[in-house]
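Engineer: can't give you the sequence, but here's the structure:
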């Protein structure tokens, strides 16, 4: 086998009699290399977008969120919090209340998503770190404060330093509506605007308002109910293991999700686009291998004299076929190696200097250049694809070689 490899490698690097064969050989290697580099770059860009989404979600999505499997509320929220807090690896578990309401500030009003949270909610998420105006203070000994998303603040023209109070209305869940006094069908509360946050994610920046959980429970006519129980884990703990322990402890009455599960649609969309693009480039790689087959076909014709010499020296048809099959593998793998190196260099340049920028209004963008994140498993997948295409090339080469040997026999 070592002799076959040496001969195939010599055929690869040696000059051919006809310059066309040399040119096609170079084009074959370059075709595989460029396609491989494109695969590495495209997969790394999609990884960059996934990482960007994950970094934004980490600011306001809890590590683990527990919700009722049926209905809108967890009736025994305190007991769920107690049971979850007792599980090894859980640092803190807190109840939260979330529902729709109407906010009014001066002459402006808009529908909002109202989220009631405990005073120490910033220990579960990074809400305090994304405050862009004012302070994160939900309540003190005298006043109650609300923390608005940047979208709500802009639409209501609300600022933390304004003495106008934010008025929040929620429909009563219990009782009948008095048509003579429709305003009586709503529960209301007022509070000052304590701060404004921006996480650069539409789901949270558009219409979310954070208030003390006592205010939300009063507005929605809850006692000890909660919409969710949100959990922060001890640093370095095995998230999957703790997730499984929580599911076992709570049973089938609750759904337990980590950040990836909470935003499964966003991640699924990116992953679908990533692998569809991978398949399209894979087809381009298969097309590029036709150059390899052309190169081997011309090489078989050019080495006709050498083939006869090998036959005279006692080489079998199988051994001669292996020489050209190995040649096909060498062309594919050489292109793959150069392509991976080229792709990694391009990714490093983009990651370091951000040469390729996104189009559009830069003032509204989270990032201005395409994000890049290299994952080792993607490199293995690309290399495996090139190897599989090389295997396909070897089958075609084997067929051509057997046909040639039968003709020249």
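Structural biologist: On my side now, so go ahead. It should be emphasised that the depicted structure is a prediction, and the values quoted were computed from it without experimental measurement.

Engineer: hey, which helix is longest across the protein?
Structural biologist: helix 19-60 (DSSP state H).

Engineer: Please tell me how far that helix is from the chain's geometric centre.
Structural biologist: 17 Å (Cα atoms, centre = their mean, to the nearest Å).

Engineer: helices and strands around it, which ones?
Structural biologist: helix 259-262, helix 264-302, helix 317-353, helix 376-408 (3 or more Cβ pairs under 8 Å, 6 or more residues apart in numbering; DSSP states H and E). To be clear about C-beta, it is placed using only N, CA and C from the backbone, and glycine gets the same treatment.

Engineer: what's downstream of that helix, the next helix or strand?
Structural biologist: Following helix 19-60 in sequence order, the next helix or strand is strand 64-68 (DSSP states H and E).

Engineer: Listing partners with orientation, what would you give for that next one?
Structural biologist: Strand pairing for strand 64-68, using DSSP bridges, gives strand 228-233 (antiparallel), strand 254-258 (antiparallel).

Engineer: circling back: most tightly packed of the helices and strands packed on helix 19-60?
Structural biologist: helix 317-353 (a mean of 19; mean count of other Cβ atoms under 10 Å).

Engineer: Can you list the helices and strands that that helix packs against?
Structural biologist: Using 3+ Cβ pairs under 8 Å, 6+ apart: helix 317-353 touches helix 2-13, helix 19-60, helix 264-302, helix 304-312, helix 376-408.

Engineer: quick one on the thing from earlier: with mean pLDDT added, can I get the helices and strands packed on helix 19-60 in CSV?
Structural biologist: Shown next, in CSV, are the helices and strands packed on helix 19-60 (pLDDT from 0 to 100):
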stretch, mean pLDDT
helix 259-262, 82
helix 264-302, 79
helix 317-353, 85
helix 376-408, 78
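
Engineer: Using CSV, please lay out these together with distance to residue 133.
Structural biologist: Listed next are the helices and strands packed on helix 19-60 as CSV, based on distance: least, Cβ to Cβ, whole Å:
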stretch, distance to residue 133
helix 259-262, 26
helix 264-302, 27
helix 317-353, 32
helix 376-408, 40
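
Engineer: and of the ones you listed, who's closest to residue 309?
Structural biologist: With Cβ to Cβ as the measure, helix 317-353 is the member of the helices and strands packed on helix 19-60 nearest residue 309 (10.3 Å).

Engineer: Now do the closest one against helix 304-312: the angle between them, please.
Structural biologist: Interaxial angle, helix 317-353 versus helix 304-312 (axes from the mean of the first three to the mean of the last three Cα atoms, to 10 degrees): 130 degrees.

Engineer: how many neighbours does residue 255 have?
Structural biologist: 15 (other Cβ atoms under 10 Å).

Engineer: Okay, now the unreliable bits of the protein?
Structural biologist: Low-confidence segments of the chain (pLDDT under 70): 1, 8-9, 11-21, 54-58, 140-141, 174-184, 303, 360-366, 401-409.

Engineer: if we can go back for a sec, with distance to residue 152 as extra columns, can I get the helices and strands packed on helix 317-353 in a markdown table?
Structural biologist: Shown next, in a markdown table, are the helices and strands packed on helix 317-353 (distance: least, Cβ to Cβ, whole Å):
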| stretch | distance to residue 152 |
| --- | --- |
| helix 2-13 | 65 |
| helix 19-60 | 14 |
| helix 264-302 | 22 |
| helix 304-312 | 78 |
| helix 376-408 | 40 |
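
Engineer: and residue 342, which of those is closest to it?
Structural biologist: Among those, the nearest to residue 342 by Cβ to Cβ is helix 19-60 (4.2 Å).

Engineer: Identify whichever of the helices and strands packed on helix 317-353 lies nearest to residue 332.
Structural biologist: helix 376-408 (3.4 Å).

Engineer: Tell me which other helices or strands the closest one touches.
Structural biologist: Looks like helix 376-408 contacts helix 19-60, helix 264-302, helix 304-312, helix 317-353 (3+ Cβ pairs under 8 Å, 6+ apart).

Engineer: and the angle from it to helix 304-312?
Structural biologist: 80 degrees.

Engineer: burial of residue 311, as a residue count?
Structural biologist: Count around residue 311 with other Cβ under 10 Å applied: 16.

Engineer: I'd like the distance between it and residue 317.
Structural biologist: Between residue 311 and residue 317 the computed distance is 8 Å (Cβ to Cβ, to the nearest Å).

Engineer: and if you look at residue 29?
Structural biologist: Distance from residue 29 to residue 317, by Cβ to Cβ: 27 Å.
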